[in-house]
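Colleague: Sequence and predicted structure, then a few things I'm wondering about:
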Amino acid sequence: MREETIQLDHGSGGRAMHALVERVFARAFANDFLQELNDSAILPPASGRLAMTTDSYVVDPIVFPGGDIGSLAVHGTVNDLAVSGARPLYLTAGFVLEEGLPMAVLDRIVSSMAEAAREASVLIVAGDTKVVPRGKADKIFINTAGIGVVRDDVRLGGGNARPGDVVLINGTIGDHGMAVLCRREGIAMESEILSDSASLNHLIEAMLGAFPGIHVLRDPTRGGVATTLNEIACQSGVGIRLHEEALPVREDVAGVCELLGLDPLYVANEGKVLAVVPAESADVVLEAMRRSPRGRDACRIGEVVAEEPGRVFLRTRIGGHRLLDMLRGEQLPRIC
Amino acid sequence: MAGSEDSRNESRGSPELTPDGRRVAVRVQGIVQGVGFRPTVYQLAERHRLGGWVRNQPDGVRIEVAGAAADVKAFLGDLWDKAPPLARIVSVEVTELPFEPRPTFDILESHGSQNRSTLVSPDVATCRDCIRELFDPTDRGFGYPFINCTNCGPRYTIIRDIPYDREKTTMARFAMCPECLREYRDPRDRRFHAQPNACWSCGPNIWLEDPQGNRLSAGRRALADAVERLKEGQILAVKGLGGFHLAVEATGEERVRRLRRRKIREEKPFAVMFRDLEAVTRYCRVSPEESALLEAPERPIVLLRKRGKTSGEGTTPIAEAVAPRNRFLGAFLPYTPLHHLLFFESPYEALVMTSGNRSDEPIVTENDEARSHLREIADAFLLHDRDIHIRCDDSVVRLFGGAPRPLRRARGYVPVPIFLEAAGPSVLAVGGELKNTICITRGAEAFVSQHIGDLRNLETLRAFERNVDHLQRILEIRPERVAHDLHPDYLSTQWAERQDRFPVIAVQHHHAHIASVLAERKISGPVLGLALDGAGYGPDGTIWGGELLWVDAERFRRLGRFRHLRLPGGDRAVLEPWRTAVSALYLLAGGDVGKAYPDILNTFPARERSVVLAMLERRLNCPLTSSCGRVFDAVSAILGVRHRVTYEGQAAVELEQAAQADSGRYVGAVYRRDDLWILDPLPMIRLLVEDLRRGVAPGILSMRFHNGLALLLAESLEKAREATGLDRVALSGGVFQNLTLSELLEADLVGRGFEVFTHREVPPNDACISLGQAYVARARLFRGR
Ligand SMILES: [Fe+3]
Ligand SMILES: [Mg+2]
Ligand SMILES: [Zn+2]
Ligand SMILES: [Zn+2]
């Protein structure tokens, strides 16, 4: 039997496309707003400040241990809203499909998107599909945009970190980047590393519920924890000190990073949030995090200091301090 | 240390000589303050029956003398010839004045003014006169650990600002007693204007503390207790001149190992301070040049060949743990009164004196810092209350073919400038990242800072910033440009890009290496440059490190390079040389390395090696490099000498140390590709593996590798000479810390009629980068005018 695949017709705007939308997208994402299939989704008025974001997903491989490009496209955008202090409400989804993509693969990705949206309590209310000839794209690219509502009492911002604040994270570092890389490059470890890709909005809601005055929330995606903290240190004009022994890194992630010559602090995460919190509220926030399924391994990894503004550094096990600078690009050799 | 002849300038202006009377104004520049220059002038004036005065000014020493013309002439000659030992005269300007007799000769108070072209003196080892006093029970300086005079003592490390006066040093808080003041004020006394002059009753004191901070004893008692504890094998943190040392008696194997464990320093060699030269010769072979270096006022650590265990009658050999698997030992002599006192009536004659720090951190300089940072290492602390204003490590020098080559330039040498060929604009160069130094130029002088270290350590980065400020202050320079490396991630580059005071100029790493040779050897290009090191960022985005270049002050062109190797895991491969070995064998075998070299692969860790092979297969985090240093790594790992390193360069160091005399050599290949000469060491590795399989000893293999590499380099230079017509060669890069290769190559090149230029004043490693950057930036600026 010939495998059913995506053809150029599926993006033509004609019958094939309508069939695809009906059969795949509308069914999976079913909700009242999408059901209309109009040019725009018409949404009820929301009370409060709106947050809006967009992101495109081009991950290779499209299916990886712990997730796929579909769930990632939901998690990433939901998290961008959530770390802004917003309760995510609606997403749009735009697809660029490469001619020849197996329909079964598309089905799987779309259903995992739908599943992720359900879990995050967001609705996918509008969408778009384009098909490009073979080689003009790599299997499937997804863009998602999202809208959420920001609570009135939160004032989050990268510039809000203050000396004395503590830095919290909800779990282990570097899982997503290494899961994707090991799958892509065929590196087999004894146990398979799973991506941490997940929606964080419920966790963050719990955190803000426990203490609305959190100073900074950021998701350390591309560039990892080190890069994200560097951004915060620069924006806030403060130094950030991490403690090597406090950094949660799974043994297998640490092992494969060492083998490949990578530093987990610069590896991407997709289900992690960094929180900068006044010291006196740290325990309250940590408690709230640990009660939430996505925050069970939450811990304190460092603190904000007045000295060394704009710099992030690691207090090593032997007591020295190593700079964690912001890299221009890849981790390049520099030992002469 | 007299100035160069060509800057003598004995007569200016229109001479108005009366037949027998002559009066002149003189300005002397160079290192002429704080070195006993004015008393010398005073005594010379007296000797030649001249009247007049001498005065320190920020732009040098000003003198006016009047007297018989013949006496004035003799006086001017003596200024050069009888200058005090620490003075370094750069120029003497003489202006004739209408004759007027002057009845007396006076030393006038210092004058402040805006132009500060005076040079600050480096720290100088205790002189013979002071040592004599130190050990003379009848002298008031007996046993005082801080005596000094105009010919010796602390300078650079205690100076906060210039001009060099006590109030501007960390001695400011000690008021001189009447007796010290008398010495200080008497132009005939050798302590005349010795700024750090002090004694038991008025100066800094010394005391011994336990790690809990309890004061155990002070003064002479503290010194006697310290000696006693060292004798028992305890580890002492000793506050010295430019920072703390950790001291332990050097013959006790277990004692030295205990220090290694506590300091978390596995194998990197420790330096040993010996009681005196005689003691050194009992443990090491010392040539006349080497003993001169050991006893020089700079008192560097000198790398000396160890004697065999059996030589030297009745002596206990230095513990193997001091410098494991190393035929050389870093030896140095006491350079402060405190050090001399640690050997006074001591039963030992050799102490490990290693930098007082936790591994990878800069050397500790403050008492409180020592108490917290060294608490887990030291059994007791020998502290004092003379503050160290600026950190300065011990310098390290090794003799290469009879000429000293610095490996670390710091105490004793800094801040003596490198004198450049010509004056030019002022620039600040921020250097590399590891072994960082900075450099500031002023006129024809280039001030290269002391060794600062690895900037990825936060404390070191702070020291870097502090040095940038300090050098600008004491030299009074506002640079016009900041020069930095091309590597986007070097913290020095990031610092340069972040500062917004000065425009920046980027200089390629290996260009800077070769340019630093041009700078210090006062040659202008073009030359052929051979830059061999571990890694530097190339403009093509690959990592360079085995480069044959056409170089002049402003520009460079790549003529050739080592064949590319992939570095599986980037910097990880530097820590684990076996990775580079796998990479080289992978290339040699055309991919099927498991079939071609199973015997060698099997010596490497099984699980990791399969990942590394996968990485090579997929080109995953395997950056390309043309590094020569990595070739040493690969060979070292293939021979089983070193698979993983615990300090920088260890694989290459131990490969060199392993070499045994042999005249065989492995022949590499030089060929043309993409308009470049490719220096291909892989045929050498193939031959080496064949010999290894035949059971040839690693020491022989190492020698044949060194011989072959020298030949490969010489032949590539030969081709470059044919192509360019240039026969001057400059050598730089960390690989030239390798004595065996350096001597082989230089001899070969000289034999082929090349003119060879190597480092004499700054190290060939990345400590030279700042000088090269400054030199290039200056030339580009100059041309832009
Ligand atoms: Fe270098
Ligand atoms: Mg995003
Ligand atoms: Zn002296
Ligand atoms: Zn006194």
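Modeller: All right, it came through fine. Ligands and ions are numbered 1, 2, ... in the order given.
Colleague: When you work out contacts or count neighbours from here on, use the C-alpha atoms and nothing else.
Modeller: Fine.
Colleague: in chain A, which segments are predicted with low confidence?
Modeller: Low-confidence segments of chain A (pLDDT under 70): A:1-2, A:36-37.
Colleague: Those residues of it touching chain B, which are they?
Modeller: Contact residues, chain A versus chain B (C-alpha under 8 Å from any C-alpha of the partner chain): A:185, A:187, A:258-262, A:313, A:318, A:320-328, A:331-336.
Colleague: pLDDT of stretch B:715-727, averaged?
Modeller: The average pLDDT within stretch B:715-727 is 97.
Colleague: Pull out the buried positions in that stretch.
Modeller: For stretch B:715-727, burial by neighbour count (16 or more other C-alpha atoms under 10 Å in any protein chain shown) applies to B:715, B:716, B:717, B:718, B:720, B:721, B:726, B:727.
Colleague: Closest residue of chain A to ligand 3?
Modeller: Going by C-alpha to the ion, ligand 3 is nearest to residue A:320 of chain A, at 37.9 Å.
Colleague: ok, that residue to residue B:122 distance?
Modeller: With distances taken as C-alpha to C-alpha, to the nearest Å, residue A:320 is found 29 Å from residue B:122.
Colleague: Longest helix in chain B, by number of residues?
Modeller: Longest helix of chain B, by residue count under DSSP state H: helix B:698-724.
Colleague: list the helices and strands the helix or strand that it is followed by packs on?
Modeller: Per DSSP states H and E, the first helix or strand lying C-terminal to helix B:698-724 is strand B:728-732. Secondary-structure packing of strand B:728-732 (3 or more C-alpha pairs under 8 Å, 6 or more residues apart in numbering or on different chains; DSSP states H and E): helix B:509-520, strand B:527-537, strand B:755-757.
Colleague: Give the partner strands of strand B:728-732 in its sheet and their orientations.
Modeller: When sheet partners are counted by DSSP bridges, strand B:728-732 sits next to strand B:527-537 (parallel), strand B:755-757 (parallel).
Colleague: pLDDT on the shortest one, on average?
Modeller: If I follow you right, that is strand B:755-757. Strand B:755-757 shows an average pLDDT of 98 in the prediction.
Colleague: Show residues contacting that strand.
Modeller: Identification of contacts with strand B:755-757 by C-alpha atoms under 8 Å, 6 or more residues apart in numbering or on different chains yields B:517, B:521, B:727, B:728, B:729, B:730, B:731, B:746, B:749, B:750.
Colleague: quick one, strands of the stretch 151-300 of chain A?
Modeller: Applying DSSP state E, counting those that start in this stretch to the stretch 151-300 of chain A gives strands spanning A:166-169, A:216-218, A:239-243, A:274-277, A:299-305.
Colleague: Pop the domain breakdown of chain B in here.
Modeller: Annotated domains of chain B cover B:5-107, B:206-384, B:399-524+B:766-783, B:560-757 [automatic domain parsing].
Colleague: Kindly report the same for chain A.
Modeller: Listed by the TED database, the domain ranges of chain A are A:5-150, A:165-324.
Colleague: Tell me which of those is the most buried.
Modeller: domain A:165-324 (a mean of 21; mean count of other C-alpha atoms under 10 Å in any protein chain shown).
Colleague: mind checking the end-to-end distance for that domain?
Modeller: 19 Å.
Colleague: can you pull the contacts of the closest residue to residue A:135 other than its chain neighbours?
Modeller: Nearest residue to residue A:135, sequence neighbours excluded (C-alpha to C-alpha, 6 or more residues apart in numbering or on different chains): residue A:98, at 7.2 Å. Residue A:98 makes contact with A:6, A:131, A:132, A:133, A:134, A:135, A:136, A:137, A:138, A:139, A:140 under the criterion C-alpha under 8 Å, 6+ apart.
Colleague: distance of the last one from ligand 4?
Modeller: Put plainly, it is residue A:140. Remark: distance between residue A:140 and ligand 4 (C-alpha to the ion, to the nearest Å) = 84 Å.
Colleague: Setting the sequence-adjacent residues aside, check what's closest to that residue.
Modeller: Leaving aside its chain neighbours, residue A:140 sits nearest to residue A:97 (4.6 Å; criterion: C-alpha to C-alpha, 6+ apart).
Colleague: Doesn't that neighbour belong to a strand?
Modeller: Yes. Assessed with DSSP: H, G, I helix; E, B strand; the rest coil, residue A:97 lies in a strand.
Colleague: In contact with it: list those residues for me.
Modeller: By C-alpha under 8 Å, 6+ apart, the residues touching residue A:97 are A:6, A:129, A:130, A:131, A:132, A:137, A:138, A:139, A:140, A:141.
Colleague: For chain B, state which of those is nearest.
Modeller: Nearest to chain B among the contacts of residue A:97, counting by C-alpha to the nearest C-alpha, is residue A:138 at 18.8 Å.
Colleague: Beta-bridge partners for the nearest residue to the closest one once chain neighbours are set aside, please?
Modeller: Of all residues not flanking residue A:138 in the chain, residue A:98 sits nearest, at 6.3 Å (C-alpha to C-alpha, 6+ apart). Beta-bridge partners recorded for residue A:98 (DSSP bridges): residue A:132.
Colleague: Equivalent analysis for residue B:207, please.
Modeller: On the basis of DSSP bridges, residue B:207 is bridged to residue B:218, residue B:383.
Colleague: I'd guessed residue B:89 sits against residue B:80; true?
Modeller: Yes. Residue B:89 is within contact range of residue B:80, at 7.4 Å (criterion: C-alpha atoms under 8 Å).
Colleague: what helix or strand does residue B:685 sit in?
Modeller: Using DSSP H and E, residue B:685 falls within helix B:682-693.
Colleague: Give the other helices and strands that that helix contacts.
Modeller: Judged by 3+ C-alpha pairs under 8 Å, 6+ apart, the packing partners of helix B:682-693 are helix B:577-588, helix B:698-724.
Colleague: mind running it again at 10 Å?
Modeller: Using 3 or more C-alpha pairs under 10 Å, 6 or more residues apart in numbering or on different chains; DSSP states H and E, the elements in contact with helix B:682-693 are helix B:577-588, helix B:598-601, helix B:629-638, strand B:669-673, helix B:698-724.
Colleague: quick one, which of the ones you listed is packed in tightest?
Modeller: Highest mean neighbour count among the helices and strands packed on helix B:682-693 (mean count of other C-alpha under 10 Å): helix B:629-638, with a mean of 27.
Colleague: now the angle from it to helix B:682-693?
Modeller: On the basis of axes from the mean of the first three to the mean of the last three C-alpha atoms, to 10 degrees, helix B:629-638 is oriented at 20 degrees to helix B:682-693.
Colleague: Look up how far residue A:198 lies from the residue of chain A closest to ligand 3.
Modeller: In this view, residue A:320 and residue A:198 are 35 Å apart by C-alpha to C-alpha.
Colleague: Same question for residue B:334.
Modeller: Distance of residue B:334 to residue A:198, given as C-alpha to C-alpha: 64 Å.
Colleague: One more: residue B:94?
Modeller: For residue B:94, the distance to residue A:198 (C-alpha to C-alpha) stands at 82 Å.
Colleague: quick one: what helix or strand has residue A:333 in it?
Modeller: Using DSSP H and E, residue A:333 falls within no helix or strand.
Colleague: Run through the residues of chain B sitting next to ligand 3.
Modeller: Neighbours of ligand 3 within chain B, by C-alpha under 5 Å from the ion: B:127, B:130, B:148, B:149, B:151, B:152.
Colleague: need the helices for the stretch 101-250 of chain A, in chain order.
Modeller: With DSSP state H, counting those that start in this stretch applied, the stretch 101-250 of chain A shows helices at A:103-120, A:175-185, A:201-210, A:224-236, listed in chain order.
Colleague: Output the below-cut-off pLDDT ranges for chain B.
Modeller: When residues are selected by pLDDT under 70, those of chain B lie in B:1-19, B:111-118, B:309-316, B:785.
Colleague: Could you rerun that using 80?
Modeller: Counting by pLDDT under 80, the ranges of chain B that qualify are B:1-19, B:33-34, B:58-59, B:109-119, B:163, B:308-316, B:359-360, B:591, B:783-785.
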